[in-house]
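In: turn this into a model:
(4 chains)
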There are 2 protein chains.
Amino acid sequence: MNQRQSLADGEAAGKAPPRRLGKNGDGAERHETIYRSISDAIIEHRLKPGARLREDALAEVFGISRTGIRKILQRLAMEQLVTLTPRRGASVTRPTAEEAKDVFDARQMVECGLMPDVARRITPEDVRELRDMANREREALKAGEQSRAIKLSAAFHERLARLSGNATLATFVGQLCSRSSLILAVYGNPGHLGCESHDHDDLIGYLEAHNGERAAAFMSRHLKAIEASLSIVEEEEEVPDLQRIFTSG
Amino acid sequence: MNQRQSLADGEAAGKAPPRRLGKNGDGAERHETIYRSISDAIIEHRLKPGARLREDALAEVFGISRTGIRKILQRLAMEQLVTLTPRRGASVTRPTAEEAKDVFDARQMVECGLMPDVARRITPEDVRELRDMANREREALKAGEQSRAIKLSAAFHERLARLSGNATLATFVGQLCSRSSLILAVYGNPGHLGCESHDHDDLIGYLEAHNGERAAAFMSRHLKAIEASLSIVEEEEEVPDLQRIFTSG
DNA sequence: ATGGCAACCATTGTATACGCATCGTGGCTC
DNA sequence: GAGCCACGATGCGTATACAATGGTTGCCAT
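Out: Got it, this is the predicted structure:
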């Protein structure tokens, strides 16, 4: 149960004990930090799907009361990162196979559809930043830090979408990427991560050349490759095994 | 300030006074009802963009405490229907011109992209239901009930998206439609509503014939027509009414 | 020994109370 | 007479306390 400690080590680790400044201090800033801590922990698979998130524990770890935690938990629930069951509390969402398909279909449609806009609007400055992100991702991958690589990959895709200029679709892509991280945690094969490291570099190349069509096609293949790498075996649900087994027998 | 009364007349109007059952009764069901009441009021333009939503007033109207209202308000904020300013409280979102463009671009991409799937999966039963919705919308429009027509139109588009089988994209379309209703409230010309009544019927025809390509093209024109009907003049800010009035006199 | 029932405990849901920030108003001063 | 400062009120943010529910465990009866 050392998940509680691992939760706080985003950057709020040293803040929890001196909760004297909890009165106002930052105020709304604080919630954002805590939200990001939990969100990152989920995306980086430090909190695995199915893990229960008790309000009291979180409140104690982050030094705020349950009220604030509930607010954050609801926000995470709306982004489908945690599941709120009526009287059972919050737990990290365990995506179903159907949800996984929906998420990747949605990414296919939106991310590919955004590539022409991105290719048209991208600047040399953007290219530099994207390359930097891709480099950091590759390094993390090489160093064996899967957690950080996953988070960086999601951040890369979201940043890419944001370059399209459409803020609404960009945040939507961000949510899809977060959920994809969850899907990787459940259906991904260990050792074979989602994004191949050189894929992102190739994509940047097409975008730098303002070739939206090829970028879209490449993104499509890229996403298909990720989806294909999953082993979506419809794992048995909660209970119905018994019924199916014994009704067929 | 009779907005408060108009808020409750969704179907919770008679419930507010006998708040004796507020203890448990429905429980979580209640929140959903209240959420829908407020959401409908916004979508139907009974609550206009910029209208302030005081927590105390809402709590009193619906017979629950501010805690529950805050939860609902946050949910509405995440769907971009209300704006939460740090110390000023909640108000109905007033979409900017840029947001309007983003929303319609997103709808263009997603709704058109979904049409092939819808055309492939649609059943005679679905067609019947869609025609029924279109009829009700046309009747509302003919009866001059703009409010109901707007809500029905949004519901039609969301239902359509849900027929694609992709729940994630369907709820996203639903949110886009809600926001579109807000956009119509700000930038729409009175008397010239968004969706032409026969448009939806034509669209159903293409879908019934399983002609996804034409359905997508028609949806594209349909959305373009709605967007074109808007008068997106970068409207002046909050206060200048007084200034403009008295400087012109 | 096993199955059912009951009581307890853990945990969430809700309400209320308190603190603080901001905005408006009124009075005072220049 | 006008501008500025101060005080009061309104309304949000947070915490804490209480109530209700569901799960678990232990005991009793068959």
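In: neighbours of the residue in chain A that DNA strand C sits nearest to, just the number please.
Out: Residue nearest to DNA strand C within chain A: residue A:89 (3.0 Å; Cβ to the nearest atom of the strand). Just so you know, the C-beta spots here come from the backbone N, C-alpha and C atoms, and that holds for glycine as well. Residue A:89 has 15 neighbours, counted by other Cβ atoms under 10 Å in any protein chain shown.
In: host element of the most centrally placed residue in chain A?
Out: Closest to where the C-alpha atoms of chain A average out (Cα atoms, centre = their mean) is residue A:178, at 2.1 Å. Assigned by DSSP states H and E, residue A:178 falls within helix A:167-187.
In: who does that helix touch, helix- and strand-wise?
Out: Judged by 3 or more Cβ pairs under 8 Å, 6 or more residues apart in numbering or on different chains; DSSP states H and E, the packing partners of helix A:167-187 are helix A:28-43, helix A:97-121, helix A:146-162, helix B:97-121, helix B:167-187.
In: who does the residue of chain A closest to DNA strand C bridge with?
Out: Beta-bridge partners for residue A:89, by DSSP bridges, are residue A:85.
In: surely residue A:83 meets residue A:91?
Out: Yes - between residue A:83 and residue A:91 there is a contact at 5.6 Å, judged by Cβ atoms under 8 Å.
In: tabulate the helices and strands packed on helix A:167-187 in CSV, adding columns for mean pLDDT and distance to DNA strand C.
Out: Below are the helices and strands packed on helix A:167-187 laid out as CSV (pLDDT from 0 to 100; distance: least, Cβ to the nearest atom of the strand, whole Å):
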stretch, mean pLDDT, distance to DNA strand C
helix A:28-43, 89, 11
helix A:97-121, 97, 21
helix A:146-162, 94, 25
helix B:97-121, 98, 23
helix B:167-187, 96, 21
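In: so which of these is nearest residue B:70?
Out: helix A:28-43 (13.1 Å; Cβ to Cβ).
In: buried ones in that closest one, by neighbour count?
Out: The neighbour-count check on helix A:28-43 (16 or more other Cβ atoms under 10 Å in any protein chain shown) flags A:30-31, A:34-35, A:37-43 as buried.
In: which elements pack onto it?
Out: Contact here means 3+ Cβ pairs under 8 Å, 6+ apart; on that basis helix A:28-43 packs against helix A:3-8, helix A:55-62, helix A:66-78, helix A:146-162, helix A:167-187.
In: what parts of chain A come near chain B?
Out: A:27-28, A:70-71, A:74-75, A:78, A:86, A:98-99, A:102-103, A:105-106, A:109-110, A:113-114, A:166-169, A:172, A:176 (Cβ under 8 Å from any Cβ of the partner chain).
In: again, 6 Å this time
Out: When proximity is defined as Cβ under 6 Å from any Cβ of the partner chain, chain A approaches chain B at A:28, A:78, A:86, A:102-103, A:105-106, A:109, A:113, A:166-169.
In: out of the residues you listed, which is nearest to residue B:189?
Out: The nearest member of the residues of chain A next to chain B to residue B:189, counting by Cβ to Cβ, is residue A:168 at 23.5 Å.
In: tell me, how many residues neighbour the nearest residue to that closest one once chain neighbours are set aside?
Out: In space, and not counting its chain neighbours, residue A:168 is closest to residue B:102: 4.3 Å by Cβ to Cβ, 6 or more residues apart in numbering or on different chains. Residues within reach of residue B:102, counting by other Cβ under 10 Å, total 21.
In: residue A:166 is in contact with residue B:102, correct?
Out: Yes - Residue B:102 is within contact range of residue A:166, at 4.8 Å (criterion: Cβ atoms under 6 Å).
In: interface residues of chain A facing DNA strand D?
Out: For chain A, the residues found near DNA strand D under the criterion Cβ under 7 Å from any atom of the strand are A:22, A:27-28, A:30-31, A:64-68, A:71, A:86-88.
In: possible to save the residues you listed as TSV with distance to residue B:125?
Out: Converted to TSV, the residues of chain A next to DNA strand D look like this (distance: Cβ to Cβ, whole Å):
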residue	distance to residue B:125
A:22	56
A:27	52
A:28	48
A:30	51
A:31	46
A:64	50
A:65	50
A:66	46
A:67	46
A:68	46
A:71	41
A:86	31
A:87	36
A:88	35
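In: buried subset of these, written for ChimeraX?
Out: Remark: buried members of the residues of chain A next to DNA strand D, expressed as a ChimeraX selection using 16+ other Cβ under 10 Å:
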select /A:22,30,31,64,68,71
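In: need the three-state assignment for residue A:91.
Out: On the three-state scheme (DSSP: H, G, I helix; E, B strand; the rest coil), residue A:91 is labelled strand.
In: isn't it right next to residue A:52, touching?
Out: Yes - judged on Cβ under 6 Å, residue A:91 makes contact with residue A:52 at a distance of 4.7 Å.
In: more neighbours, the two?
Out: Neighbours per residue (other Cβ under 10 Å) separate residue A:91 from residue A:52, with residue A:91 holding more: 17 against 13.
In: my read is that residue A:102 contacts residue B:168, right?
Out: Yes - assessed by Cβ under 6 Å, residue A:102 is found in contact with residue B:168 at 4.3 Å.
In: what are the buried residues along stretch A:47-56?
Out: Residues A:47, A:49, A:53, A:55 are the ones in stretch A:47-56 that count as buried (16+ other Cβ under 10 Å).
In: and these, which of them are in helices?
Out: If you go by DSSP state H, the buried residues of stretch A:47-56 have residue A:55 in helices.
In: between which two of the buried residues of stretch A:47-56 is the distance greatest?
Out: Most distant of the buried residues of stretch A:47-56, by Cβ to Cβ, are A:49 and A:55, 18.9 Å apart.
In: mind saving the C-alpha coords of stretch A:157-168 as PDB?
Out: The C-alpha coordinates for stretch A:157-168 follow below in PDB (Å, rounded to 0.1, in the frame of the first residue of the first chain):
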ATOM      1  CA  HIS A 157       0.200  13.800 -29.300                       C
ATOM      2  CA  GLU A 158      -1.700  16.400 -27.400                       C
ATOM      3  CA  ARG A 159       0.800  19.200 -28.200                       C
ATOM      4  CA  LEU A 160       0.600  18.200 -31.800                       C
ATOM      5  CA  ALA A 161      -3.200  18.500 -31.800                       C
ATOM      6  CA  ARG A 162      -2.900  21.900 -30.100                       C
ATOM      7  CA  LEU A 163      -0.800  23.200 -33.000                       C
ATOM      8  CA  SER A 164      -3.900  22.800 -35.200                       C
ATOM      9  CA  GLY A 165      -5.300  25.900 -33.500                       C
ATOM     10  CA  ASN A 166      -8.500  24.200 -32.500                       C
ATOM     11  CA  ALA A 167      -8.500  24.300 -28.700                       C
ATOM     12  CA  THR A 168     -11.700  22.200 -28.400                       C
END
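In: quick one on the thing from earlier: dump the buried residues of helix A:28-43 to JSON lines, plus distance to residue A:161.
Out: Output for these, formatted as JSON lines (distance: Cβ to Cβ, whole Å):
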{"residue": "A:30", "distance to residue A:161": "28"}
{"residue": "A:31", "distance to residue A:161": "25"}
{"residue": "A:34", "distance to residue A:161": "25"}
{"residue": "A:35", "distance to residue A:161": "20"}
{"residue": "A:37", "distance to residue A:161": "23"}
{"residue": "A:38", "distance to residue A:161": "23"}
{"residue": "A:39", "distance to residue A:161": "17"}
{"residue": "A:40", "distance to residue A:161": "19"}
{"residue": "A:41", "distance to residue A:161": "23"}
{"residue": "A:42", "distance to residue A:161": "20"}
{"residue": "A:43", "distance to residue A:161": "16"}
